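Engineer: Sharing a sequence plus its predicted fold:
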Amino acid sequence: MKILMPNHFPLQGSGSGIYAMNVATELVRAGHEVIAIVPEHAPVDEYPFETRTILFSNGSGNDAQLDFNFPCFTTHPKSNTTFAELSDRQMDAYIQAWRDAIGNAVANFQPDVIHAHHVWVTPYIASETGVPYVVTCHGTDLLGFEECPRYRQLALAGAKNAHKVIAISRQVKADIVATYALPDDRAPLIWNGFGVDYFKLIPEATKAAVLAEHNLPATDGPLISFVGKFTDFKGIDILLKAAAIYEQHLAGATTVLAGHGQLWDDMHALRDELGLSGVHFLGHQSQDKVARIYNAADVSTVPSRSEAFGLVAVEALACGTPVVATNEGGLPDFINDEVGALVPVDDPEALAQAIINEVEQNTKQTKGPRANQYAYQNFTWETQVAMMIELYAEAIAG
């Protein structure tokens with residue numbers, strides 16, 4: 001089977017990008033041919049599948065096709081430009097760039113099916129090609145639909161003409177049905193998966209080793225981790241306010257935050273304002289380094305105000321680390337007392353207490369092995385992609 005996979009974001013730096021990368025990799029593993037099309041600042045040639053790029057300007061004179069940075073729904077380590085900020089000229093150029101890239105790929109690759117990511121511009125372009133297609137709704141596209149009315153007709157057309165619109169959580173499924181007026185059976189639920197090549201038990205990734213790798217001071221206290229974009233809905237401010245509480249109860253507590261985004265400076269300022277001595281910002285990290293951070297952590301946190309699924313939570317579980325997350329979006333689909341804890345949104349006291357409980361009860365040793373098994377039994381890409389392949393076959397069959 002030949003699958004064309006356009007995604008609105010690079011294959012690193014965002015949940016949907018990593019999702020597309022892992023799906024494409026697993027499809028190749030299963031014997032299929034894949035071409036991905038993504039925005040970037042330079043050509044990409046590092047994956048087991050062909051990656052074609054639409055080159056956007058990064059402001060430093062790169063050889064760009066478009067004179068602006070690629071737009072996002074919220075933020076990305078490589079761009080803080082949003083879809084709402086594009087001028088009409090830029091929006092038209094963006095759509096045409098995707099039309100050219102997808103059209104060229106259809107002509108010379110002749111895919112059997114297109115798997116587009118985000119109910120946005122790429123499904124609309126896919127609908128023009130005559131090639132059957134499915135779409136994954138990642139959740140931020142629903143946010144875009146609400147905040148960017150200029151794109152709504154494109155999104156609606158892309159959803160309406162898709163064979164299926166994949167939902168990555170129960171909450172996203174309900175939102176798909178309501179937002180795009182689709183019947184329930186047009187929005188199958190297929191959870192995110194995690195990359196087993198990266199996210200696994202790594203015995204040598206000890207707390208001491210990982211802290212040293214990031215030039216951080218050694219500690220006998222607990223290590224708390226966060227991985228994600230520095231944007232408002234990720235709730236980093238709530239984690240920092242919680243840290244102001246649990247640092248008083250957990251001697252030597254160290255909190256590391258991996259990621260970047262538009263709130264980078266604001267979160268540094270908040271850390272300093274709160275006088276947090278154990279909080280460290282690591283910036284954007286590669287998947288292999290993130291996996292080592294998860295392995296070293298006693299608790300991983302997902303304090304999101306909204307979260308379509310929460311792939312970082314599954315990745316942490318796969319590394320044998322309990323997760324404290326908010327009772328929001330897709331997170332309650334798989335976080336429970338057996339593998340971590342759920343807390344209310346925007347409640348630093350509850351978040352702090354849950355982290356304290358996990359540390360004091362040493363759940364890294366009790367829940368950790370269970371979390372690893374749970375992730376591998378339910379959320380590998382092999383399992384999820386097998387269901388996608390069935391959808392592709394249905395779409396091709398008409």
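Structural biologist: Everything's here; your move.
Engineer: Could you use CA atoms for every contact and neighbour count after this?
Structural biologist: OK.
Engineer: in what helix or strand does residue 124 lie?
Structural biologist: helix 121-129 (DSSP states H and E).
Engineer: hey, C-alpha coordinates of stretch 381-398 in CSV?
Structural biologist: The C-alpha atoms that make up stretch 381-398 are tabulated as CSV, following Å, rounded to 0.1, in the frame of the first residue of the first chain:
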residue,chain,number,x,y,z
TRP,A,381,2.1,2.0,17.5
GLU,A,382,2.0,-1.5,16.1
THR,A,383,-1.5,-2.0,17.7
GLN,A,384,-2.8,1.5,16.7
VAL,A,385,-1.4,1.4,13.1
ALA,A,386,-3.0,-2.0,12.5
MET,A,387,-6.4,-0.3,13.0
MET,A,388,-5.4,2.5,10.7
ILE,A,389,-4.4,0.1,7.9
GLU,A,390,-7.9,-1.4,8.2
LEU,A,391,-9.4,2.1,7.6
TYR,A,392,-7.1,2.7,4.6
ALA,A,393,-8.3,-0.5,3.1
GLU,A,394,-11.9,0.5,3.6
ALA,A,395,-11.3,3.9,2.1
ILE,A,396,-9.6,2.4,-1.0
ALA,A,397,-12.5,-0.1,-1.4
GLY,A,398,-14.8,2.9,-1.5
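Engineer: Helix, strand, or coil at residue 185?
Structural biologist: helix (DSSP: H, G, I helix; E, B strand; the rest coil).
Engineer: Count residues in the vicinity of it, would you?
Structural biologist: 11 (other Cα atoms under 10 Å).
Engineer: now for the longest strand along the chain, which elements pack on it?
Structural biologist: In the chain, assigned by DSSP state E, the strand with the most residues is strand 33-40. Applying 3 or more Cα pairs under 8 Å, 6 or more residues apart in numbering; DSSP states H and E, one finds that strand 33-40 contacts strand 2-6, helix 15-29, strand 50-55.
Engineer: For residue 43, give me its contacts.
Structural biologist: 52, 53, 55 (Cα atoms under 8 Å, 6 or more residues apart in numbering).
Engineer: care to break the protein down by domain?
Structural biologist: The chain breaks down by automatic domain parsing into domains covering 2-193+380-397, 207-378.
Engineer: Return the distance of the longest one from the chain's centre.
Structural biologist: Just to be clear, that refers to domain 2-193+380-397. 13 Å (Cα atoms, centre = their mean, to the nearest Å).
Engineer: From start to finish, how long is it in a straight line?
Structural biologist: Start-to-end span of domain 2-193+380-397 (Cα to Cα, to the nearest Å) is 14 Å.
Engineer: okay, the angle between the helix holding residue 124 and strand 2-6?
Structural biologist: Here the directions of helix 121-129 and strand 2-6 differ by 140 degrees (axes from the mean of the first three to the mean of the last three Cα atoms, to 10 degrees).
Engineer: Can you show me the CA trace of helix 121-129 as CSV?
Structural biologist: Provided in CSV are the C-alpha atoms of helix 121-129 (Å, rounded to 0.1, in the frame of the first residue of the first chain):
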residue,chain,number,x,y,z
VAL,A,121,-6.0,22.7,5.1
THR,A,122,-4.4,19.4,4.1
PRO,A,123,-7.7,17.3,4.1
TYR,A,124,-9.3,20.0,2.0
ILE,A,125,-6.5,19.8,-0.5
ALA,A,126,-6.8,16.0,-0.3
SER,A,127,-10.5,16.2,-1.2
GLU,A,128,-9.5,18.0,-4.5
THR,A,129,-7.2,15.1,-5.6
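Engineer: May I see the buried residues of it?
Structural biologist: 121, 122, 123, 124, 125, 126, 127 (16 or more other Cα atoms under 10 Å).
Engineer: Pull the contacting residues for the nearest residue to the second one once chain neighbours are set aside.
Structural biologist: Read that as residue 122. Sequence neighbours aside, residue 116 is the residue nearest to residue 122 in space, at 6.1 Å (criterion: Cα to Cα, 6 or more residues apart in numbering). Going by Cα under 8 Å, 6+ apart, residue 116 touches 4, 5, 6, 7, 122, 123, 126, 133, 134, 135, 136.
Engineer: The fifth one is in contact with residue 6, isn't it?
Structural biologist: When you say that, I think you mean residue 122. Yes - the criterion here is Cα atoms under 8 Å, and residue 122 meets it with residue 6 at 6.6 Å.
Engineer: Let me see the backbone angles for residue 340.
Structural biologist: phi 170, psi -140 (degrees, to the nearest 10).
Engineer: Against residue 10, how distant is it?
Structural biologist: Taking Cα to Cα, one finds residue 340 at 31 Å from residue 10.
Engineer: again with residue 30
Structural biologist: 23 Å.
Engineer: before we move on, the earlier item: now the helix holding residue 124: average pLDDT?
Structural biologist: Helix 121-129 comes out with an average pLDDT of 98.
Engineer: C-terminal to that helix, what's the next element?
Structural biologist: Helix 121-129 is succeeded, C-terminally, by strand 133-137 (DSSP H and E).
Engineer: which SS class is residue 335?
Structural biologist: From three-state DSSP, the assignment for residue 335 is coil.
Engineer: Enumerate every residue touching it.
Structural biologist: 323, 325, 341, 342.
Engineer: Leaving out sequence neighbours, find the closest residue to the second one.
Structural biologist: Take residue 325 and drop its neighbours on the chain: the residue closest to it by Cα to Cα, 6+ apart is residue 302, 4.5 Å away.
Engineer: what about the one you found, distance to residue 269?
Structural biologist: Counting by Cα to Cα, the gap from residue 302 to residue 269 is 21 Å.
Engineer: Please consider this matter closed, and thank you.
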